[in-house]
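Using only what follows, build the 3D model:
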Amino acid sequence: MSKFIILCGGTGGHLAPGLAVGQALIDAGDEASFVISQKAVDSRLAGKYSGLHIIKAPGVAFSLRPARLFKFFSELAKSVKFGRKVISEGGYDAVISFGGFNSLGFSIAAITLGVPLILHEANRRAGKATRLLGRFAERIYVPHGVKIPKRKGGQVRYSGYPVRSEIKKLPAAESKRKFGFGADGKLLLVLGGSQGALALNEWASHNFDRLAEMGIDVLCVCGPGKNAFPDRTVKTKSFGDRKIAFLEFCDDMASAMSAANLAVARAGAGTIAELARCRLPSVIVPYPFAADNHQRENAKCFERQGGCAVVDQNDMHRLFDEVVCLMNNSALLETMRENLARVDALNDTSKIIEDLRLVAAGAGEK
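All right, here's what the predicted structure looks like:
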């Protein structure tokens, strides 16, 4: 049995794969602790899982503004000190980082203590943490086809995105009922990731009347603090009552994705992996201000794999027509679902778990 500490807070895109890997390690007989940020979104998602050893660490996001920059380095120093104490006293065999602003301090602590550091890069363009810490890591897991230059042999391993076990395709009619929708209509899921997307929320609200006339209901997951729209129902001539519902946060993403016929979503790596797992075709609108434009790279790859259509945010005047076209093309939707099954097959967590245990076992023998 080995002991792992998993750094996975800050956003759902960091937390969800960390929880997936931690659950798998625990199921395999190992121990895992989870370092999360002090943000409410972390506590809410992690709180769904009973019995986990959760550690809330100091840390704030990097900023060049003087006051925020000072705060960043102050919190980083606290995090390194706290991380050294936790790792030493806990006797951990390896530290696994899924990125995020609060992972840096514990990663530095692991390096200074000589404990193996393992990085997981979810996006198709390596982030700052991977570029900064990669030279010190025992392993770097990256998506298939992504290149990390100038790394020592055996360090970089190809892997998919670890998906939590509860994310899976469920019966559509039952899933629709959970959110108050009838089984007869088509349902569009609008999803901006764990932080939400104001542009997508506004698009859903402004275009609902037209969507309703096409027989389409809408479920929009707005994100924390972004739910400024009331639920409403429209009486249509051809399709009866159609409904739009807004949620600030969704605790049951498997049901939401299983209820929908199509999604409009951002291009976070976690969102794409969960869409693939639930076989939900999508129109992806990459967030244009993502670091290193990584969402654009994620979306382009997903489109090449046949799992989605891509509409840039500055072309959102095309989004309504794209959604209606796909909703009415059952043959294309079925082809996309077949492609999503192939994408999902790449997200096999078992190989990561096997390799992690080898790394930890090697550390324990030293």
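
quick one: the helices in the chain?
12-27, 40-46, 66-90, 103-113, 128-133, 172-178, 198-213, 253-259, 269-277, 294-304, 319-327, 330-345, 350-365 (DSSP state H).

Residue 311: which of those helices is closest?
Checking the helices of the chain against residue 311 by C-beta to C-beta gives helix 319-327 as the closest, at 5.2 Å. The C-beta positions use only the backbone N, C-alpha and C, and glycine is treated the same way.

Enumerate the positions of that closest one that are buried.
Neighbour counts over helix 319-327 (16 or more other C-beta atoms under 10 Å) mark 319, 322, 323, 324, 326, 327 as buried.

Taking helix 330-345 as reference, get the angle to that helix.
90 degrees (axes from the mean of the first three to the mean of the last three C-alpha atoms, to 10 degrees).

quick one: contacts of helix 319-327?
Here helix 319-327 makes contact (C-beta atoms under 8 Å, 6 or more residues apart in numbering) with 186, 188, 203, 207, 210-211, 214, 216, 261-262, 264, 281, 283, 285, 309, 311, 332-333.

now do stretch 81-96
Contacts of stretch 81-96 (C-beta under 8 Å, 6+ apart): 2-7, 18, 21, 33, 35, 55, 57-58, 105-110, 112-113, 115-120, 138, 356, 359-361, 363-364.

From residue 74, how far out is residue 228?
34 Å (C-beta to C-beta, to the nearest Å).

now residue 182
According to C-beta to C-beta, residue 182 stands 54 Å off from residue 74.

Buried ones only from the contacts of helix 319-327, please, as a PyMOL command.
A single PyMOL command selects the buried members of the contacts of helix 319-327 (16+ other C-beta under 10 Å):
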select buried, resi 186+188+203+207+211+214+216+261+262+264+281+283+285+309+311+333
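
Compute the number of surrounding residues for the nearest residue to residue 105 once chain neighbours are set aside.
Ranked by C-beta to C-beta, 6 or more residues apart in numbering and with sequence neighbours excluded, the top spatial neighbour of residue 105 is residue 79, at 2.4 Å. Residue neighbour count, defined by other C-beta atoms under 10 Å, stands at 24 for residue 79.

residues contacting the spatially closest residue to residue 259 that is not a sequence neighbour?
Nearest non-adjacent residue to residue 259, counting by C-beta to C-beta, 6+ apart: residue 175, 3.7 Å away. Residues in contact with residue 175 (C-beta under 8 Å, 6+ apart) are 255, 256, 258, 259.

mind running it again at 7 Å?
Residue 175 sits next to 255, 258, 259 when contact means C-beta atoms under 7 Å, 6 or more residues apart in numbering.

Which one of the helices of the chain lies nearest to residue 166?
helix 253-259 (5.9 Å).

contacts for the closest one?
Outside helix 253-259, the residues that touch it by C-beta under 7 Å, 6+ apart are 166-170, 172, 175-176, 178-179, 181, 187, 189, 219, 221, 250, 274-275, 278, 280.

Whichever of these end up buried, select them in PyMOL.
To isolate the buried members of those in PyMOL, using 16+ other C-beta under 10 Å:
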select buried, resi 167+169+170+175+176+179+181+187+189+219+221+250+274+275+278+280
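
ok, residue 101 touching residue 60?
Yes - counting by C-beta atoms under 7 Å, residue 101 touches residue 60, with 6.5 Å between them.

quick one: which of those two has more around it?
residue 101 (22 against 18).

Next, work out how far apart the more buried one and residue 270 are.
For residue 101 relative to residue 270 (C-beta to C-beta), the value is 17 Å.

Show me which residues of the worst-scoring helix or strand of the chain on mean pLDDT are buried.
Ranked by mean pLDDT, DSSP states H and E, the weakest helix or strand in the chain is helix 40-46, scoring a mean of 76. The neighbour-count check on helix 40-46 (16+ other C-beta under 10 Å) flags 41, 42, 45, 46 as buried.

Pull the contacting residues for the second one.
Translated: residue 42. 9, 15, 36 are the contacts of residue 42 under C-beta under 7 Å, 6+ apart.

The first one is in contact with residue 16, isn't it?
No - taking contacts as C-beta under 7 Å, residue 9 lies outside contact range of residue 16: 11.0 Å.

Give the residues shared as contacts by those two.
Contact criterion C-beta under 7 Å, 6+ apart; no residue bridges residue 9 and residue 16 by contacting each.

These two - which one has more neighbours?
residue 9 (31 against 27).

If I look at the residue lying farthest from the centre of the chain, what pLDDT would I see?
When distances are taken from the C-alpha mean of the chain, residue 237 lies farthest, 39.0 Å away, according to C-alpha atoms, centre = their mean. You'll see residue 237 listed with a pLDDT of 92.

Could you find the closest non-adjacent residue to it?
Once flanking residues are discounted, residue 237 sits nearest to residue 213: 7.6 Å by C-beta to C-beta, 6+ apart.

shouldn't residue 294 be in contact with residue 122?
No - contact criterion C-beta under 7 Å: residue 294 and residue 122 do not qualify, at 9.0 Å.
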